[in-house]
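Engineer: this one's sequence-less:
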């Protein structure tokens, strides 16, 4: 499933996101070897910070990280980019800075070193000053334009979900000349609290990533797709080929995978690509253009929603013994059990749909 993002022709839409799994030339080559359409470097800055320990926490669902940026000095990336691209592959340099001139300097350096494109990262859940930048369209415009005016390679802007209006920020990036946008970055979080020690899991705010943020990423991509005309790369909670397709059907031209690589290794990239190709053949899809944005036509504003007389019915009244999930979840008291049978009182049913989703054996459906 070939695609194009930032004018770069990619063999598939699965990219490796910026992060410690792409922290140097060797790590980047692992992503390329796994078959990724492109790899984004870990975010490069002018002043390298010392990592704190520990800096990554996982609760079995999502991940909090407090790693700021990559630990390679700017000049060191010349060797790493040369090594990364030695056997081919598309490499996009992720950069971050607090001023337009500093950002342009980094972009120019990465262009000279051989990067195929630039991704500007102007948000960081651990760095409050950058979070302010990420939510200000005028500042985004100035920062982006300075980079665009100083390099000849394409430029993307990575958007934060920690803003009040992501559409305005995306429009500012497009107006400044960005060739595309990526959405979303990690989300400001505290993963949990140790009740015995009375302290947070990690002792500062961090970036939340993984499966729990996928619905936020999907909503952001759909919102941006309805606001701008530049290509979009979807980020957030991508763990399998279905998630890749969800982002594409909501308007993305490509997706980035990060946390899944950290948790399961680069092999998950190869697995996604294989499953995508299988799905493509099975469904007769010849181009990503056939499905990109296809779900947007069915995405309505709340005011456009029609009220339908939907109620719950049972496909098979005999229920699993001991399972009362639908009964517990019914807010209207419409579902009762009689011996092994599940009965629905359609006069009480509010048609909310929750029982349909919580039933482990798909016994319930919504009809009208």
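Structural biologist: Thanks, I have it. Everything numeric in this text was worked out from a predicted model, so none of it was measured.
Engineer: alpha carbons only for contacts and neighbour counts from here, please
Structural biologist: Fine.
Engineer: Any stretches of this protein with poor pLDDT?
Structural biologist: 130, 316, 368 (pLDDT under 70).
Engineer: make it 80
Structural biologist: 49, 126-131, 315-317, 368 (pLDDT under 80).
Engineer: Domains of it: list them as residue ranges, please.
Structural biologist: 3-298, 306-367 (automatic domain parsing).
Engineer: now these as CSV including mean neighbour count?
Structural biologist: Below are the domains of the chain laid out as CSV (neighbours: other CA atoms under 10 Å):
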stretch, mean neighbour count
domain 3-298, 20
domain 306-367, 15
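Engineer: mind listing the helices for the stretch 1-150 of the chain?
Structural biologist: 25-33, 77-84, 100-113, 128-134, 137-148 (DSSP state H, counting those that start in this stretch).
Engineer: For the first one, give me every contacting residue.
Structural biologist: The set of residues external to helix 25-33 that reach it, using CA atoms under 8 Å, 6 or more residues apart in numbering, is 16, 21-22, 38-41, 79-85, 89-90, 266, 269.
Engineer: And the third one, by the same measure?
Structural biologist: The set of residues that contact helix 100-113 without belonging to it, under CA under 8 Å, 6+ apart, is 44-46, 74, 77-78, 81-82, 93, 95-97, 117-118, 142-144, 146-147, 150-153.
Engineer: what's the answer for stretch 203-218, then?
Structural biologist: Residues contacting stretch 203-218 (CA under 8 Å, 6+ apart): 61-66, 124-126, 161, 183-184, 186-191, 234-239, 246-247, 250, 259-260.
Engineer: just stretch 162-178 next, same as before
Structural biologist: Taking CA under 8 Å, 6+ apart as the rule, stretch 162-178 contacts 131, 134-138, 140-142, 144-145, 148, 154-157, 159-160, 180-181, 187-188, 220, 223-224, 227-230.
Engineer: likewise stretch 238-247?
Structural biologist: Under CA under 8 Å, 6+ apart, the answer for stretch 238-247 is 14, 210-211, 214, 218, 221, 234, 237, 254-257, 260, 268, 271-273, 275-276.
Engineer: So which residues of the stretch 251-368 of the chain form helices?
Structural biologist: 259-264, 267-283, 325-329, 354-358.
Engineer: In TSV, list those helices along with distance to residue 5.
Structural biologist: Output for the helices of the stretch 251-368 of the chain, formatted as TSV (distance: least, CA to CA, whole Å):
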stretch	distance to residue 5
helix 259-264	21
helix 267-283	17
helix 325-329	43
helix 354-358	35
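Engineer: Looking at these, which is nearest to residue 345?
Structural biologist: Comparison of the helices of the stretch 251-368 of the chain against residue 345 by CA to CA identifies helix 325-329 as nearest, at 11.8 Å.
Engineer: what helices or strands is that closest one leaning on?
Structural biologist: If you count contacts as 3 or more CA pairs under 8 Å, 6 or more residues apart in numbering; DSSP states H and E, helix 325-329 packs onto strand 335-338, helix 354-358.
Engineer: go again using 7 Å as the cut-off
Structural biologist: helix 354-358 (3 or more CA pairs under 7 Å, 6 or more residues apart in numbering; DSSP states H and E).
Engineer: Show me what the helix it packs on is packed up against.
Structural biologist: helix 325-329, strand 364-367.
Engineer: contacts for the longest one?
Structural biologist: Yep, that's helix 325-329 we're talking about. 335, 336, 355, 358, 359 (CA atoms under 7 Å, 6 or more residues apart in numbering).
Engineer: end to end, how far does stretch 5-18 reach?
Structural biologist: Separation of the first and last residues of stretch 5-18 by CA to CA, to the nearest Å is 16 Å.
Engineer: got the contact list for that stretch?
Structural biologist: With contact meaning CA under 7 Å, 6+ apart, stretch 5-18 is reached by 1-4, 31, 36-43, 94, 154, 179-180, 231, 253-258.
Engineer: So which of those belong to strands?
Structural biologist: Within the contacts of stretch 5-18, residues falling in strands by DSSP state E are 3, 4, 38, 39, 40, 94, 180, 254, 255, 256, 257.
Engineer: Please tell me how far the fourth one sits from residue 266.
Structural biologist: When you say that, I think you mean residue 39. For residue 39, the distance to residue 266 - CA to CA - is 12 Å.
Engineer: Identify the residue spatially nearest to residue 69, adjacent ones excluded.
Structural biologist: Leaving aside its sequence neighbours, residue 69 sits nearest to residue 43 (CA to CA, 6 or more residues apart in numbering; 5.4 Å).
Engineer: For residue 51, which residues are in contact?
Structural biologist: Contacts of residue 51 (CA under 7 Å, 6+ apart): residue 67.
Engineer: Quick check: it vs residue 91, distance?
Structural biologist: 24 Å.
Engineer: repeat for residue 310
Structural biologist: 50 Å.
Engineer: Quick one, which of the helices of the stretch 1-150 of the chain gets closest to residue 331.
Structural biologist: helix 128-134 (39.2 Å).
Engineer: From the rest of the structure, what touches the closest one?
Structural biologist: By CA under 7 Å, 6+ apart, helix 128-134 touches 122, 123, 124, 125, 139, 140, 160.
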